[in-house]
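A.B. asks: test case, fold it:
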Amino acid sequence: MDPAPVPAPIERPHEDEIDIAVHCSDVMKAYGAGNTRVLALRGVDLNVRTGEMLMLVGPSGCGKTTLISVIAGILDQDAGECLVFGEDFRRMRTRDKTHWRGRNIGFVFQSFNLLPTLTAVENVAVPLLIQHQPRAMAMARASALLERVGLKERLRSLPSQLSGGQQQRVAIARALVHGPRLIVCDEPTSALDHETGSSVMGLLREIARGENRALVIVTHDARIFPYADRLAQMDDGRIKSISAGQGAAPPQGTHP
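C.D. replies: Numbers count the residues shown, from 1 in each chain. Sure thing, here's the model as predicted:
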């Protein structure tokens, strides 16, 4: 019998050496019950540093989307610890959790999740309007961000009037418009051509480099691997290895 796989060692940097945006320790998550129970996360240990773009890579079904859903507070883990900028979602009341996520997390869904009756600019402005920011200011910020992702001419288009790649860029702009500290993306370039994907990744990395921010991306798109500061390889519900990427830069908070 083959020996059981050895989990990747837990990263435990000293607090005075590096700033941690996301800390996961022995995180477990299962779906179903009894004979239908499926263990999606099998004790995940992971630290995401501030100022970095970390990519989660691995085969389909290995737990990547489940992990980022736990990190973003969309799902609750069954066991283990997950802290986002020191906050534990499980200790929050539902209303407080929703409020905190709305201000601090931007999520790019693989299925886009655009509101079909709103225009592109209205979709992007939604996070700001939820925070009761003035409509004129929200629309101006949304318009500026859509221009940055190459959609200046499609501000008034409905999602049904946009291509898949255009809808994806609207979804990315919506996740960025409120200046979240943590940005979580599920396959953000799957519908983009090389040139547009490169432009979007440049924007995402620029934002990730901002003070006290971090970016976690799930991807199968090898074209964007060079943008990563680190690549975390997942398989069978675990982090198997973490390697430096070509975009690697000294993490915030480190001392020479």
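
A.B. asks: the spatially closest residue to E52 that is not a sequence neighbour: neighbour count?
C.D. replies: Sequence neighbours aside, D229 is the residue nearest to E52 in space, at 4.0 Å (criterion: C-beta to C-beta, 6 or more residues apart in numbering). C-betas here are computed from N, CA, C, even on glycine. For D229, the neighbour count with other C-beta atoms under 10 Å is 24.

A.B. asks: so D229 is in contact with G245, correct?
C.D. replies: Yes: using C-beta atoms under 8 Å, D229 makes contact with G245 at a distance of 5.4 Å.

A.B. asks: and for the two, which residues touch both?
C.D. replies: Common contact partners of D229 and G245 (C-beta atoms under 8 Å, 6 or more residues apart in numbering): M53.

A.B. asks: for G106, helix, strand, or coil?
C.D. replies: For G106, the reduced secondary structure class is strand; criterion used: DSSP: H, G, I helix; E, B strand; the rest coil.

A.B. asks: per-residue pLDDT, it?
C.D. replies: Looking at G106, its pLDDT reads 94.

A.B. asks: show me the contacts for it.
C.D. replies: Remark: with contacts taken as C-beta under 8 Å, 6+ apart, G106 is in contact with P127, R174, A175, L176, V177, H178, P180, L182, I183, V184.

A.B. asks: do S160 as well
C.D. replies: Contacts of S160 were listed using C-beta under 8 Å, 6+ apart, and they are P116.

A.B. asks: that one and L114, how far apart?
C.D. replies: Using C-beta to C-beta, to the nearest Å, one gets 9 Å for the distance from S160 to L114.

A.B. asks: out of the contacts of G106, which comes closest to K29?
C.D. replies: Each of the contacts of G106 was scored against K29 by C-beta to C-beta, and V184 proved nearest at 15.7 Å.
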